[in-house]
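S.K.: mind looking at a prediction? Sequence and model below.
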Amino acid sequence: MNGQIENRAQVLQEHFGITADSQQFIIALAGNPNVGKSTVFNALTGLRQHTGNWPGKTVDNAQGTFTHHKQNFLLVDLPGTYSILAHTVEEEVARDFICFGKPDATLVVLDATCLERNLNLALQVMDITANCIVCVNLMDEARKKNIHIDLPALERELGVPVVATAARQGEGLESLKETLYQVSIGIKQPSPRQITYSPVVEEAVAALLPGITRLVGTALNPRWVALRLLDGDTGFIEQIHRHITRQTALPLAKEVAAI
Ligand SMILES: Nc1nc2c(ncn2[C@@H]2O[C@H](COP(=O)(O)OP(=O)(O)OP(=O)(O)O)[C@@H](O)[C@H]2O)c(=O)[nH]1
Ligand SMILES: [Mg+2]
């Protein structure tokens, strides 16, 4: 059972306290603090939502549903974070959900008025999952400040769908729902730009990839796992151990130690 993730509904229930039915598409909502995630979340889900805490953590959790083309979606509002390298409990929650909750798509909300800073998180999410959509929110504020964003160029550069919104005004939400639908159902297939690191890092990644692929299979993106391991992220090895298989983590740790 190496590398095979447990049944998703069971993982969602046991590890994340989320009850989802097998017909629902699950969307993770990520973004820096204060970019309008909850505004997007509220605009899409209305009153069909409930809030609580992530299991075992004093971090807020909000889940809500919406329907588009008769397809039901479960939207999960993740804590606002600048990164998902798990230096804080919020980052750990966001990373674990994107990695192990296996959402059908991850929506990264960005602030149109400070795009460059916000793109860091989008690039990290794109390293974990191909099913990523970028929502450039606060477009009304950007317009007020005479900030022009070349959305087609951004989409080309990132390799993932980009949707512009002004969520407080309800602008762009139909297009957002349609894009979430198309990516979740597979009509639209993002192909995120992959960052190339220095030759020494790339060589180490290449050395690790076969072993990691053997161990995690398709349960995680092997390149992301290699980069986390090379970064000495021992907490992540523990999470792999917790979420995937008990046999996986130890050989992984040995492979890294051998490099
Ligand atoms: N002008 C404008 N304001 C917005 C827009 N979207 C959200 N806001 C406002 O921005 C502020 C922050 O919005 P939230 O939805 O709470 O942001 P968040 O990302 O959930 O914040 P955290 O959960 O604290 O990380 C609120 O005052 C919103 O009303 C928008 O498109 N335009
Ligand atoms: Mg919020």
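M.R.: Received it, and whenever you're ready, just let me know what you need. Since this is a predicted model, take the numbers as computed values, not measurements. Ligands and ions are numbered 1, 2, ... in the order given.
S.K.: all helices for this structure, in order.
M.R.: Remark: helices assigned in the chain by DSSP state H are 8-16, 37-45, 89-100, 115-128, 139-144, 151-158, 173-185, 199-216, 222-230, 234-243, 249-257.
S.K.: tell me the pLDDT of the residue of the chain found nearest ligand 1.
M.R.: Closest contact between the chain and ligand 1, by C-beta to the nearest ligand atom, is at Gly80 (2.4 Å). Using the backbone N, CA and C atoms, a C-beta is placed for each residue, glycine as well. Reported pLDDT at Gly80 in the predicted model: 94.
S.K.: and stretch 164-178, how far apart are its ends?
M.R.: Using C-alpha to C-alpha, to the nearest Å, one end of stretch 164-178 lies 13 Å from the other.
S.K.: and of the helices of the chain, who's closest to Phe73?
M.R.: helix 173-185 (6.7 Å; C-beta to C-beta).
S.K.: and Leu121, what does it touch?
M.R.: Counting by C-beta atoms under 8 Å, 6 or more residues apart in numbering, Leu121 touches Ala30, Gly31, Asn32, Thr81, Tyr82, Ser83, Ile84, Val108, Leu110.
S.K.: how many other residues sit next to the last one?
M.R.: Spelled out, it's Leu110. 25 (other C-beta atoms under 10 Å).
S.K.: roughly how far does it sit from Leu119?
M.R.: Leu110 is 7 Å from Leu119, where distance means C-beta to C-beta, to the nearest Å.
S.K.: let me know which of the helices of the chain is the nearest to ligand 2.
M.R.: Smallest distance to ligand 2 across those (C-beta to the ion): 3.2 Å, for helix 37-45.
S.K.: which strands or helices does that closest one pack on?
M.R.: On a contact count with 3 or more C-beta pairs under 8 Å, 6 or more residues apart in numbering; DSSP states H and E, helix 37-45 meets strand 25-31, strand 60-68, strand 71-77, strand 105-111, strand 132-137, helix 173-185.
S.K.: quick check: closest non-adjacent residue to the residue of the chain closest to ligand 1.
M.R.: Pro33 (3.4 Å; C-beta to C-beta, 6 or more residues apart in numbering).
S.K.: what pLDDT does the one you found get?
M.R.: 94.
S.K.: contacts only, for it.
M.R.: Pro33 neighbours (C-beta under 8 Å, 6+ apart): Gly80, Thr81, Tyr82.
S.K.: surely the first one meets Glu90?
M.R.: Pointing back at Gly80 there. Yes. With contacts counted by C-beta atoms under 8 Å, Gly80 reaches Glu90, the gap being 7.2 Å.
S.K.: which one of those two has more residues nearby?
M.R.: Using other C-beta under 10 Å as the criterion, Gly80 and Glu90 rank with Glu90 on top: 21 against 18.
S.K.: residue contacts, the more buried one?
M.R.: Taking C-beta under 8 Å, 6+ apart as the test, what Glu90 contacts is Val59, Pro79, Gly80, Thr81.
S.K.: could you export these as CSV, including distance to Val163?
M.R.: Output for the contacts of Glu90, formatted as CSV (distance: C-beta to C-beta, whole Å):
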residue, distance to Val163
Val59, 27
Pro79, 22
Gly80, 19
Thr81, 21
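S.K.: follow-up on the earlier one: got a ChimeraX select line for the buried ones in the contacts of Leu121?
M.R.: If you want just the buried ones from those in ChimeraX, going by 16 or more other C-beta atoms under 10 Å, the selection is:
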select :30,31,32,81,82,84,108,110
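S.K.: report the buried residues of stretch 145-155.
M.R.: Ile149, Leu154.
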